[in-house]
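Peer 1: Got a sequence here, can you model it:
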Amino acid sequence: MKTDLLLIPMGATWAGMRAAALAAEEAGFDGLWTWDHLRDPDGGGDSPVPEVWTVLSALAEATRRITLGSLVLNVGSRHPGILANMAATLQEVSGGRLLLGIGAGGNRSLPYAREYESIGLTVERDGVRAARVAEACQVMKRLWAGDPSDFTGAHYRLARPEGFLHPGPAGAPPIVVGGFGPRMAGIAGRWADGFNTQARHPRLAELVRVARDAHRESGRDPAGFLVTVFTALADGWLSAGSSPRAGLEALGVARLILLVEPPYDVGRIRAAGRLLPSRPEVP
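Peer 2: Numbering: from 1, shown residues only. Reported below is the predicted structural model:
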């Protein structure tokens, strides 16, 4: 099981994120992720939130080997045709290091809804937002495959989509769908390449099963399905053979993503790296 860090962007600076990313790569972590948000719901107007795609693009140049991921991009704020081109570009820039995490975005009960409403985006009901995720997966995969045929869904359309950028030799980035219930787990299995949820989710085993069953029913090998989970950084998640890690590994979790808040403690990141079960060789 690989071990990644997620840099929480609320209150962060680019300089701080870059320093933390370089420390994580040097310390032996396998991947870096960050969130897709426009504002800090708790920090007011004085709390900066660096934009996810710009940060990942810059980190693709600043780092050498570490995987880069979005956890998760709200499909409601980017048309999947545009997102497909963005992802194909970053896949090329990074040398095939992108994991494309996407999701339905926050519902009306969450504080993040305000950031969408403030720029005129409608926060739709749960079923509509979930359906957008399923269609977004289809649109992006069609474009990456060079499929020139039209597509008409409930939310997105493609008309004569020739000439879109293909991912190239690195191949299409895996799409990882984030969610917390069976509906999103099923969408992840049916249309995407992976599923992300909480490491401490009380129904984790059930959600993993739902996702893998949907993946199998779609005609693909469930062994190739990517399960990732997230939780806060703590030493107990790092040590080889620890009970928390063993439980995740028994479920076939591929990546454990540990959240860190700004201002990022570079010394803490390096110390955590020394606890990792194994350190990849850095050329």
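Peer 1: Let me know the secondary structure of the closest residue to residue 108 other than its chain neighbours.
Peer 2: Leaving aside its sequence neighbours, residue 108 sits nearest to residue 123 (Cβ to Cβ, 6 or more residues apart in numbering; 5.2 Å). Any C-beta I mention is one placed from the backbone N, CA and C, and that applies to glycine too. Three-state call for residue 123 (DSSP: H, G, I helix; E, B strand; the rest coil): coil.
Peer 1: check contacts around residue 123.
Peer 2: 76, 105-108, 113, 116-117 (Cβ atoms under 8 Å, 6 or more residues apart in numbering).
Peer 1: Ramachandran angles for the nearest residue to residue 12 once chain neighbours are set aside?
Peer 2: Computed as Cβ to Cβ, 6+ apart, the closest residue to residue 12 that is not its neighbour in sequence is residue 262, at 4.0 Å. The phi/psi pair for residue 262 (degrees, to the nearest 10) reads phi -80, psi 160.
Peer 1: I'd say residue 262 and residue 15 touch.
Peer 2: No. In this structure residue 262 lies outside contact range of residue 15 using Cβ atoms under 8 Å: 10.7 Å.
Peer 1: So the two - more neighbours on which side?
Peer 2: Legend: neighbour count by other Cβ atoms under 10 Å for residue 262 and residue 15, higher for residue 262 (18 against 8).
Peer 1: Just the pLDDT at the residue nearest to residue 274 when sequence neighbours are not counted, thanks.
Peer 2: What sits nearest to residue 274 in space, not counting adjacent residues and going by Cβ to Cβ, 6+ apart, is residue 27, at 7.3 Å. The model reports residue 27 with a pLDDT of 97.
Peer 1: What backbone torsions are found at residue 27?
Peer 2: phi -80, psi -10.
Peer 1: Check residue 196 too.
Peer 2: phi -120, psi 140.
Peer 1: What count of nearby residues applies to residue 187?
Peer 2: 22.
Peer 1: on that earlier part again, I'd say the residue nearest to residue 274 and residue 267 touch.
Peer 2: No. Residue 27 is beyond contact range of residue 267, at 10.3 Å (criterion: Cβ under 8 Å).
Peer 1: Just want to know which of these two has more residues nearby.
Peer 2: For residue 27 versus residue 267, neighbours defined as other Cβ under 10 Å are more numerous around residue 27 (20 against 9).
Peer 1: Under the pLDDT cut-off, which ranges of the stretch 151-283 of the chain? List them.
Peer 2: Low-confidence segments of the stretch 151-283 of the chain (pLDDT under 70): 279-283.
Peer 1: burial count for the residue nearest to residue 175 when sequence neighbours are not counted?
Peer 2: Leaving aside its chain neighbours, residue 175 sits nearest to residue 192 (4.2 Å; criterion: Cβ to Cβ, 6+ apart). With neighbours defined by other Cβ under 10 Å, the count for residue 192 comes to 30.
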